[in-house]
Every structure is written in C-alpha cells, then in structure tokens.
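[1] need coordinates for the following:
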Amino acid sequence: MHTIEQGLARERRRRHSAEFKAEAINACRQPGMSIAAAAMARSINANLLRRWITEAEAESDEISQGKKTAAPPIDAFIALPAPTRSQTSAPIQIEVRRGSLTVIVQWPTSALYECTVWLREVLK
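    Prediction:
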C-alpha cells in the first residue's frame, strides 16, 4: 500500500507501507528475480528498492548483533574454488536439441572463444 502526500503544489512524494516494502524485498530474493524487474512490477524506481534492501540488511545485522545472517546479501560476491588441473583439461561438452534432433559437440577447453562464437551462431 502506498499513498501520495502533498505539501506544496509541485512537491509530491509517495509513502510506502512496511508491508509493501517487505513484499518487494522478498520478491528480490526469489531465484532469477532481478531488482529492476521487481521494481518495475511495483511501479517504483530500482534505486529506491535497492536502498530498501540495504536498509533491511543493516537492520537485520543490528538485530543479530554482529552474527552472520543465513542468507548472503543479494549482490554479495561468492568466491568459487579454482578449477583443478583435471577440470581445466576436460573438454567442453554442449548438447543442442532442436525438435527430435540432438547434437552433442565437444570442444577443447583451450578453444573456449571459438566455442562461444560457434554456439552464438547455432542459437540464432
């Protein structure tokens, strides 16, 4: 729920309820949902929604008094382990299905760029 407050004739500002903010923040935490998409669906600016998320995370940190929360922030960097030697020497395998036709292609890892160019052309 949101309302529009009018002070001066030219100054208008919407006020959003805590429920509206919480629902928008929770929508951003859904898999595959971007902040921009969640904001557009609710007719608000993505920067405003990002600020709400930041404020909610800060409030959550204050409540937990320094304890780490279970879920990382939406835009948190997650370090992945470096690939092992055996993983880097394994070929790239791509399976493309079009109707009843299935094509499986293997590329050497050293030709990664050529693989991406080929795949881009195949998927056009």
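
[2] contacts and neighbour counts: CA atoms only from here.
    Will do.

[3] the strands in the protein, which residues?
    Remark: strands assigned in the chain by DSSP state E are 2-6, 12-16, 92-98, 101-107.

[4] quick one: those strands as a markdown table, columns for distance to Arg120, mean neighbour count and mean pLDDT too.
    Conversion of these to a markdown table gives the following (distance: least, C-alpha to C-alpha, whole Å; neighbours: other C-alpha atoms under 10 Å; pLDDT from 0 to 100):
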| stretch | distance to Arg120 | mean neighbour count | mean pLDDT |
| --- | --- | --- | --- |
| strand 2-6 | 44 | 11 | 58 |
| strand 12-16 | 44 | 11 | 83 |
| strand 92-98 | 12 | 11 | 83 |
| strand 101-107 | 14 | 10 | 87 |
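
[5] make JSON lines out of those and add distance to Lys124.
    Below are those laid out as JSON lines (distance: least, C-alpha to C-alpha, whole Å):
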{"stretch": "strand 2-6", "distance to Lys124": "43"}
{"stretch": "strand 12-16", "distance to Lys124": "43"}
{"stretch": "strand 92-98", "distance to Lys124": "12"}
{"stretch": "strand 101-107", "distance to Lys124": "16"}
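
[6] among the ones you listed, which is nearest Ala46?
    With C-alpha to C-alpha as the criterion, Ala46 lies closest to strand 12-16 of the strands of the chain, at 14.4 Å.

[7] which elements pack onto that closest one?
    Judged by 3 or more C-alpha pairs under 8 Å, 6 or more residues apart in numbering; DSSP states H and E, strand 12-16 is in contact with strand 2-6.

[8] in stretch 13-28, what's buried?
    Counting neighbours by 16 or more other C-alpha atoms under 10 Å, one finds that the buried residues in stretch 13-28 are Lys21, Ala24, Ile25, Ala27, Cys28.

[9] what sits against Val103?
    Going by C-alpha atoms under 8 Å, 6 or more residues apart in numbering, Val103 touches Glu95, Val96, Arg97.
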